[in-house]
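1. after the sequence you'll find the predicted model.
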Amino acid sequence: MPLHADPWPLVFKEDFSKGLENWQPTDQKKWKIITVEDSQVYELLGKSNYKPPHRSPHSISLRKDVLVGSFELTARIQTTQTTRGHRDLCFFFNYQGPAKFYYVHLGEKPDPHSSQIFVVNDAPRAALTKSKTGIPWKDGTWHQIKIVRDVKSGRIDIYFDDMKKPAKSVVDKTFTWGQIGIGSFD
């Protein structure tokens with residue numbers, strides 16, 4: 001049974017054909033639009049020159065002018081980092097400011113600081129999950145991600161390639177609205 005009976009309205013669809021005008025990165029010099037397989041792709045070029053107020057990701061790009069509570073986000077993603085423990089991609093949601101947000105760290109190897117769902121709430125990141133499973137990144141491969149956030153129940157489900165079974169799940173009601181974004185820890 002789905003978390004929500006009726007489909008949520010489409011808030012935005014992004015193909016990056018308008019460049020970066022819809023995005024607010026922590027360091028504009030570290031992000032660019034490139035063409036891959038006849039599609040526009042948003043690429044992070046390296047660690048951003050940004051120091052967050054608390055221990056949390058450095059490279060963040062937030063969608064401008066869109067605030068969401070409950071939502072479903074789907075994307076086609078790829079990491080070009082080489083295989084290493086904290087090879088990652090992060091998604092941010094219910095982002096209310098640099099010291100108040102959730103993020104999922106899609107790390108290859110799980111540990112207390114990798115491959116978990118985190119909350120930043122006026123303090124260094126805190127893991128909400130204790131996942132023992134990493135993300136099976138494959139070099140040169142596009143993957144599917146789906147994030148489902150239901151603020152009424154507090155449920156957060158993260159799907160990676162398998163859209164029927166969440167790879168990570170947690171219930172938390174700390175934040176119920178905010179921006180969404182993409183990035184990397186470092």
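-> Arrived safely.

2. from the chain's centroid, how far away is stretch 88-105?
-> Centroid separation for stretch 88-105 versus its chain: 7 Å, with CA atoms, centre = their mean, to the nearest Å.

3. ok, stretch 142-151 next?
-> 9 Å.

4. same deal with stretch 48-56?
-> The chain centre lies 16 Å from the centre of stretch 48-56; the measure is CA atoms, centre = their mean.

5. quick check: buried residues in that stretch?
-> By neighbour count with 16 or more other CB atoms under 10 Å, stretch 48-56 contains the buried residues 48, 52, 56. To be clear about C-beta, it is placed using only N, CA and C from the backbone, and glycine gets the same treatment.

6. residues contacting the second one?
-> Read it as residue 52. Neighbouring residues of residue 52 by CB atoms under 8 Å, 6 or more residues apart in numbering: 58, 98-99, 120.

7. try 6 Å this time
-> By CB atoms under 6 Å, 6 or more residues apart in numbering, the contact set of residue 52 is residue 98.

8. any idea how far residue 35 lies from residue 77?
-> Distance, residue 35 to residue 77, by CB to CB, to the nearest Å: 17 Å.

9. that concludes my questions; thank you for your assistance.
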